[in-house]
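A.B. asks: Structure here, sequence nowhere to be found:
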């Protein structure tokens with residue numbers, strides 16, 4: 001497909017394509033390059049960075065697919081002259097820390113944080129927990145320690161955060177096939193729908209742009225977790241495999257949690273490393289829960305194995321009662337012949353078998369740790385705790401783990417729920433440097449916004465919102481509604497051209513439009529409490545419309561609350577604090593926050609909640625209103 005932007009032969013941007021005489025040329029001593037000069041290059045030792053400069057950035061074509069483009073990648077380093085100056089300014093900081101620190105001007109306390117974490121590492125602690133407020137520069141701390149203790153992984157919550165690390169520090173990031181355009185299909189499809197994924201294995205299709213375990217003319221690609229070398233088939237490389245080869249061979253690799261949990265546990269191209277940095281670690285338990293969850297769609301079962309879920313079983317709440325049925329479903333999938341299926345469908349069938357096998361083992365060993373969530377569309381099996389799975393699923397892939405978050409809140413609960421041994425944990429707390437006067441919290445309470453009282457309270461919120469909006473008529477703002485029902489109500493009742501909202505499909509697009517707008521727009525959203533940076537003029541006020549209690553209609557949440565009420569309180573406070581931090585991103589920033597839900601009083605006074613509310617939030621509350 002010729003879209004005028006990518007070369008139809010090699011799939012690269014035209015200005016960088018392999019067919020162009022102006023194309024970038026790698027160094028002559030390169031061991032693994034896209035030009036494939038060394039026909040049968042010997043495999044290199046694991047974790048040696050490819051000498052071919054690469055960009056961590058991914059360009060997108062008209063279909064939102066990325067291309068891995070061979071342009072210069074450069075890690076951030078300070079100059080030798082500045083290094084000499086820093087040695088004089090910080091005589092008590094080890095030279096290695098100064099040499100590996102990525103910026104020429106450390107923030108206050110950053111080098112001390114790194115020094116204390118390094119000391120803990122050398123004392124033999126396996127788990128480091130860093131609770132540091134926004135503005136302390138956690139990413140630079142992570143980058144420095146990753147350089148000092150490489151090979152290392154840096155794991156993030158989202159691909160967007162991956163991109164921020166890549167842009168800031170120059171490390172390669174690895175993403176799934178769906179993010180890249182397939183060269184074999186002339187860029188018409190993403191790699192997850194490319195020919196290699198849609199051709200049955202019985203046809204023995206070998207993509208000329210892919211990789212193979214046999215030495216081939218494309219040269220050495222990478223070494224997998226078991227030490228086996230893989231080679232490119234030709235000079236032109238599939239963009240997915242190209243970026244993956246870079247990431248496997250790099251001493252420092254960026255992954256998001258979803259990709260890491262899949263790759264490390266099942267694909268096995270990445271091996272164990274010295275250090276694993278887990279950013280936004282307060283979300284790690286949720287990520288692991290969702291990864292362990294098994295969902296059986298009624299429609300999918302009928303299509304795949306011609307099985308249905310008996311309606312009488314939809315009332316079964318005890319997971320043990322489902323074991324015989326699950327065994328029959330597993331047997332039905334095991335009887336399927338996948339040779340004639342497209343590879344992506346065959347992979348899905350094999351994945352379903354594996355997930356069912358794991359689920360059956362878990363239910364037979366620890367059925368009390370699982371709940372059943374059934375609805376007309378199918379049934380889900382969800383874990384209540386993950387502490388017994390974390391080591392095998394994630395932590396075993398590094399000698400040391402560094403957990404980072406602005407909202408750990410309680411180190412003992414955090415460690416307990418992730419299965420960390422207390423004597424192996426070193427905890428370091430660093431307060432936010434942002435002055436309380438620059439992030440005031442106003443209690444403009446309309447009443448309780450719990451589900452039972454919402455209809456009565458909601459009308460009272462509109463005059464308060466109108467007053468807030470009028471007060472900030474020249475400024476951009478964000479209204480956190482916590483759910484789509486409240487979002488719809490607020491959007492409908494606030495008759496203002498400033499209002500923007502979104503659904504689950506266009507969230508990223510609307511957020512981007514809000515960020516770039518120079519008008520005083522107001523974004524009404526149920527899902528902007530995390531992973532969003534809105535500094536300075538991008539957000540100068542925000543409203544916590546409803547206290548974000550987890551949804552008790554979910555059997556998993558409801559049962560976990562019954563077993564451990566502290567967990568429910570913990571999740572509520574974390575989400576509140578994360579929302580509070582969206583508009584205050586720098587020491588010289590300013591953002592006002594308004595809370596409308598009277599349930600905030602319970603959080604401030606209730607025994608389980610008040611002990612979790614940190615001082616930096618309490619000190620920002622404006623009194624006597």
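C.D. replies: Now that the structure is in, tell me what you want to look at. All figures in this text were calculated on a predicted structure; none of them were measured in a lab.

A.B. asks: Could you list the buried residues of stretch 122-135?
C.D. replies: In terms of neighbour count (16 or more other CB atoms under 10 Å), stretch 122-135 has its buried residues at 125-135. Where C-beta positions appear, they are placed from N, C-alpha and C, glycine not excepted.

A.B. asks: That one: how far from the chain's middle?
C.D. replies: Its chain's C-alpha centre and that of stretch 122-135 lie 19 Å apart, by CA atoms, centre = their mean, to the nearest Å.

A.B. asks: how would you label residue 609: helix, strand or coil?
C.D. replies: helix (DSSP: H, G, I helix; E, B strand; the rest coil).

A.B. asks: Pull up the gap between the residue nearest to residue 175 when sequence neighbours are not counted and residue 80, please.
C.D. replies: Among residues not flanking residue 175 along the chain, residue 159 sits closest, at 6.1 Å (CB to CB, 6 or more residues apart in numbering). Remark: distance between residue 159 and residue 80 (CB to CB, to the nearest Å) = 35 Å.

A.B. asks: Of these two, which one has the most company?
C.D. replies: residue 159 (18 against 8; other CB atoms under 10 Å).

A.B. asks: residues contacting that one?
C.D. replies: 175, 179, 256 (CB atoms under 8 Å, 6 or more residues apart in numbering).

A.B. asks: mind running it again at 10 Å?
C.D. replies: Residue 159 makes contacts with 58, 173, 175-176, 179, 254-256, 258-259, as judged by CB atoms under 10 Å, 6 or more residues apart in numbering.

A.B. asks: What of residue 434?
C.D. replies: Taking CB under 10 Å, 6+ apart, one finds 133-136, 581, 584-591, 616, 620 in contact with residue 434.

A.B. asks: run the last query once more with 6 Å
C.D. replies: Each residue near residue 434 by CB atoms under 6 Å, 6 or more residues apart in numbering is listed here: 135, 584, 587.

A.B. asks: Could you single out the nearest of those residues to residue 361?
C.D. replies: Among these, residue 135 lies closest to residue 361 (CB to CB), at 44.9 Å.

A.B. asks: what's the longest helix anywhere in the chain packed up against?
C.D. replies: Taking DSSP state H as the criterion, the chain has its longest helix at helix 343-366. The elements that helix 343-366 packs onto, with contact taken as 3 or more CB pairs under 6 Å, 6 or more residues apart in numbering; DSSP states H and E, are helix 323-334.

A.B. asks: From the contact counts, what lies against the helix it packs on?
C.D. replies: helix 343-366.

A.B. asks: Run the chain-centre distance for the helix it packs on.
C.D. replies: With CA atoms, centre = their mean, you get 24 Å for helix 343-366.

A.B. asks: gap between the two ends of stretch 591-608?
C.D. replies: 28 Å (CA to CA, to the nearest Å).

A.B. asks: buried stuff in it?
C.D. replies: Those would be 591-600, 602-603, 608, for stretch 591-608 by 16+ other CB under 10 Å.

A.B. asks: Now the residue nearest to residue 175: phi and psi?
C.D. replies: The phi and psi values for residue 159, taken as degrees, to the nearest 10, are phi -70, psi -30.

A.B. asks: which other residues reach the strand or helix carrying residue 468?
C.D. replies: Assigned by DSSP states H and E, residue 468 belongs to helix 454-471. Helix 454-471 has contacts (CB under 6 Å, 6+ apart) with 444, 446-447, 449, 489, 493, 594, 596.

A.B. asks: Generate a ChimeraX selection restricted to the buried entries among those residues.
C.D. replies: Those of the contacts of helix 454-471 that count as buried under 16+ other CB under 10 Å are selected in ChimeraX with:
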select :446,447,449,489,594,596
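
A.B. asks: Retrieve the pLDDT associated with residue 1.
C.D. replies: We note a pLDDT of 39 for residue 1 in this prediction.

A.B. asks: One more: residue 161?
C.D. replies: For residue 161, pLDDT reads 88.

A.B. asks: element containing it, please.
C.D. replies: Using DSSP H and E, residue 161 falls in helix 159-169.

A.B. asks: Then residue 262?
C.D. replies: Here residue 262 is assigned to helix 257-262, by DSSP H and E.

A.B. asks: can you list the residues that contact the helix or strand just after that helix?
C.D. replies: Next along the chain after helix 257-262, taking DSSP H and E as the criterion, comes strand 273-278. Residues from elsewhere that reach strand 273-278, judged by CB under 6 Å, 6+ apart: 142, 149, 151-155, 284, 398-403.

A.B. asks: Can you flag the buried ones in those?
C.D. replies: Buried residues within the contacts of strand 273-278, counting neighbours by 16+ other CB under 10 Å: 142, 149, 151-155, 284, 398, 400-403.

A.B. asks: Could you dump the residues you listed into a markdown table with distance to residue 108 added?
C.D. replies: Listed next are the buried ones among the contacts of strand 273-278 as a markdown table, based on distance: CB to CB, whole Å:
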| residue | distance to residue 108 |
| --- | --- |
| 142 | 18 |
| 149 | 24 |
| 151 | 30 |
| 152 | 25 |
| 153 | 28 |
| 154 | 23 |
| 155 | 27 |
| 284 | 28 |
| 398 | 29 |
| 400 | 26 |
| 401 | 26 |
| 402 | 21 |
| 403 | 23 |
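
A.B. asks: Can you pick out the most distant pair from these?
C.D. replies: Of all pairs in the buried ones among the contacts of strand 273-278, the most separated under CB to CB is 151 and 284 at 21.0 Å.

A.B. asks: gap between the two ends of stretch 406-426?
C.D. replies: 16 Å.

A.B. asks: How about stretch 494-514?
C.D. replies: 18 Å.

A.B. asks: wait, which of the buried ones among the contacts of strand 273-278 is closest to residue 391?
C.D. replies: Closest to residue 391, out of all of these and judged by CB to CB, is residue 401, at 10.1 Å.

A.B. asks: Which element, helix or strand, includes that closest one?
C.D. replies: Using DSSP H and E, residue 401 falls in strand 398-405.

A.B. asks: For the helix holding residue 161, what is the distance to the chain centroid?
C.D. replies: When distances are taken as CA atoms, centre = their mean, helix 159-169 is centred 11 Å away from the chain's centroid.

A.B. asks: same thing with stretch 450-464?
C.D. replies: Counting by CA atoms, centre = their mean, stretch 450-464 comes out at 34 Å from the chain centroid.

A.B. asks: Now do the buried residues in that stretch.
C.D. replies: Neighbour-count burial for stretch 450-464 [16+ other CB under 10 Å]: 454, 457-458, 461-462, 464.

A.B. asks: cool, stretch 357-365 as well?
C.D. replies: For stretch 357-365, a neighbour-count test (16+ other CB under 10 Å) marks 359-360, 362-363 as buried.

A.B. asks: which two in those are spaced the farthest apart?
C.D. replies: The widest separation within the buried residues of stretch 357-365 (CB to CB) is 7.3 Å, between 360 and 362.
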